[in-house]
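Trainee: this one's structure only:
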């Protein structure tokens, strides 16, 4: 009897397991990396963005795969004043929020003003603040510290209040403090999603008035209502996000009912272990999975019966990284620069200010080896620190590659020949586990040490917190840094990498007045052709001056179940992939065949 | 007995306070920047590192930080976890049922299988059964849990499409999220029962099979070895010989007289093992994707999620203390000779 029972139990467990793929109107994506926040004003990471872009909407958005063509979403039309400082948007009528409330200009005003009021330090609020109110892009609490007078605060509030104005219920106006050609694309980032103001206020968010604005300045919005509640208009509404998996379902009242999504339920599951994701794809429980590295892709995914690997050398993402040469290394207690002198046992703090040193390093850098070793041959070298899909990228600028003769020539020129005689010792660090940083360091070490026995480069692994601290303190002599686009404007990269006030350039002490002039000029005009020409000039100047050495970009891939497609895919492709979408494509465009 | 329990419970707050001081102290070896690194996910955010440090009071002195923390804890606020993106207490409350369900489902098979194997091995000492059990124990004890888990996952789930990952199939998880099924306890199997849905109970059980199989194969070896050696000692003792001489059946001698006496160390081991299981079985939770305490505590430790680490440390202290207390009480039940006076 006992034995029979066991047998029945075993049969039951196995028998009822008849394999079921995910349903025809259910989409299951398995990825790692948890969502940080579902409050658009707080979220600043791709995991959150991939959800927000589906449950919220912005005024305009990118069209299909393009990042230079746009289409209206919650707006229907827009115009820019002649001085480039006033943007007027006509809003779409009959748009319903998930709560059932109707969208009006008041919601747009609330959403953008809330962004400016709260603007927590770890959010994207800064680049809206830079366009609309100034104040270094910083929220009122951090800007004034404890010493704010009432007059200061009133003035700050007035700036916010003036920046967004409702002309009528369906017309909104943005007033910029200065001309900003990237403002329009900034409004496509998820941070400027339009929120249901009534619903948000009812549930304890900022009241939308002057009365409590300062209480919300700089506040961590992860403790607020919108952190895990949805107040959007998107084609999908949030069912639940309890810190891990996200479950969403089709919104019946969606304004664009002609383009009703095929998927009824979408589940974004956090599965940290890659092996588990792969097995789930194999078992038919996942429609899309994240695969971290190309080696796994080639050995474990390709050839799987019910899965497909999509890739294209146009899928380069909206990001760029480069090797930076620190021109003002922090000298105090810094073991990375040895003696701190040009005596063979170290390097001076301003070692990289000599352009010959930078050029010699550039000619010691083996791009092909990086492409082979790190990306298994699937990567494209960049001519400048700008994604090739962006306006102004110039493919005709030459690219530095390894050349021992040239490297020797420039090392001999450096410091009037003194460097070649005395030699140097320095450390290039990387954070453990970061193979790109590690390989770059090792390639430089190998090629440079081969030139002269007096050249010595130590490669050192550091845990991430220590690495970040050393980076923040400016102790790293040379390092790889990457930047992901916030919005699809070249200025978002060019300024950061090349302008003396840009985030990276400032960090490594690079300043070239001629460069600054070009970048500022490109910032002040809106004509795309003229801007492109200026950015091309920036690229050429950067080739001569070598402030940074752009790294090759790996080509992207997607791993999907065989039956998954999207609407609007370009000819010959199963899906579209827009680099500005955190999830590559929107859920409403998914088709299962 | 009651005084004994009360006295042990009164020690608890002191233990917890000591743990918190210890961990808080160790965190101070990191600089504010290093602690702030936990909050930074991208270059864009690193841009505002100073603001992050100020926002989270990372630059204040030890006692200021500890004081603010303790005041909040007394009020029932363990702080906010960066890794789970919600208050620590909420996360613990949400994840305890998941780990507890997994722990309970694992505990009984591990103990039963281990005790059964140990008894068999001891009774059949040096005979073929003993040899088989020994080989089994050595193989699975030395096999890393992670490897066995992934191997079972690839074969049973990936290839034969059996069982499944996570606690239940997607449609059931969606039904819980939508509120179509009510989550009374957080245990999938019990909630299925309370909702009157046998298919949910069944699905929950099926999804427990792989982790339980993995852990039972690995962990029962330990129980088996402890029981076997103790039982061998007991089987050679005088009273067992007397019992046999009296003509008691072999079965009664072995199970009632010998095993009951040999089981005390197993109770100790079992108590600690339960505490360990309840803390979240990291491997099983990661491989089979159970959103339990183990998964969270490891991620939060790697990311230096301070409130989460200290919250988990307090929880561990609590669980281990209570498990020890339960073991002490169990001694008395298993062995009436032990008294609490």
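Mentor: That came through fine. Just so you know, these numbers come straight off a predicted model, no measurement behind them.
Trainee: what is the least confident helix or strand in the chain?
Mentor: Assuming you mean chain A. Ranked by mean pLDDT, DSSP states H and E, the weakest helix or strand in chain A is helix A:2-15, scoring a mean of 47.
Trainee: sorry, I should have been clearer: chain B.
Mentor: Scoring the helices and strands of chain B by mean pLDDT, DSSP H and E places helix B:43-46 at the bottom, with a mean of 60.
Trainee: now the helix or strand that it is followed by: average pLDDT?
Mentor: For helix B:43-46, the succeeding helix or strand toward the C-terminus, using DSSP states H and E, is helix B:49-55. Averaged over helix B:49-55, pLDDT sits at 71.
Trainee: and helix B:49-55, what does it pack against?
Mentor: Applying 3 or more CB pairs under 8 Å, 6 or more residues apart in numbering or on different chains; DSSP states H and E, one finds that helix B:49-55 contacts helix B:32-36. Placement of C-beta: from N, CA and C, glycine included.
Trainee: got the residues of the stretch 401-550 of chain A near chain B?
Mentor: A:464-466, A:468-469, A:471-473, A:481-484, A:486, A:503-504 (CB under 8 Å from any CB of the partner chain).
Trainee: and these, which are buried?
Mentor: By neighbour count, with 16 or more other CB atoms under 10 Å in any protein chain shown, those hold A:464-466, A:468-469, A:471-472, A:481-484, A:486, A:503-504 as buried.
Trainee: biggest separation within those, which pair?
Mentor: Using CB to CB, these reach their maximum pairwise distance at A:466 and A:486, which is 27.5 Å.
Trainee: of the buried ones among the residues of the stretch 401-550 of chain A next to chain B, which is the nearest to residue A:310?
Mentor: residue A:484 (21.1 Å).
Trainee: isn't that closest one right next to residue A:319, touching?
Mentor: Yes. With contact defined as CB atoms under 8 Å, residue A:484 counts as touching residue A:319 (4.4 Å).
Trainee: which of the three states applies to residue A:89?
Mentor: Counting by DSSP: H, G, I helix; E, B strand; the rest coil, the backbone at residue A:89 sits in strand.
Trainee: count the neighbours of it for me.
Mentor: 24 (other CB atoms under 10 Å in any protein chain shown).
Trainee: please report the distance of it from residue A:353.
Mentor: 47 Å (CB to CB, to the nearest Å).
Trainee: and for the spatially most central residue of chain B, nearest residue in space, chain neighbours not counted?
Mentor: Using CA atoms, centre = their mean, the residue of chain B that lies closest to the mean C-alpha position is residue B:277, 1.5 Å off. Setting aside the residues directly before and after it, residue B:277 is nearest to residue B:103 in space (CB to CB, 6 or more residues apart in numbering or on different chains), at 3.7 Å.
Trainee: ditto for residue B:267
Mentor: Once flanking residues are discounted, residue B:267 sits nearest to residue B:330: 5.2 Å by CB to CB, 6+ apart.
Trainee: what about that neighbour, which helix or strand?
Mentor: Short version, using DSSP H and E: residue B:330 is in helix B:306-334.
Trainee: that older thread, against which helices or strands is the helix or strand that the least confident helix or strand of chain A is followed by packed?
Mentor: As assigned by DSSP H and E, the chain's next helix or strand after helix A:2-15 is strand A:26-31. Contact analysis of strand A:26-31 by 3+ CB pairs under 8 Å, 6+ apart lists strand A:265-270, helix A:274-283, strand A:288-289, helix B:170-178 as its packing neighbours.
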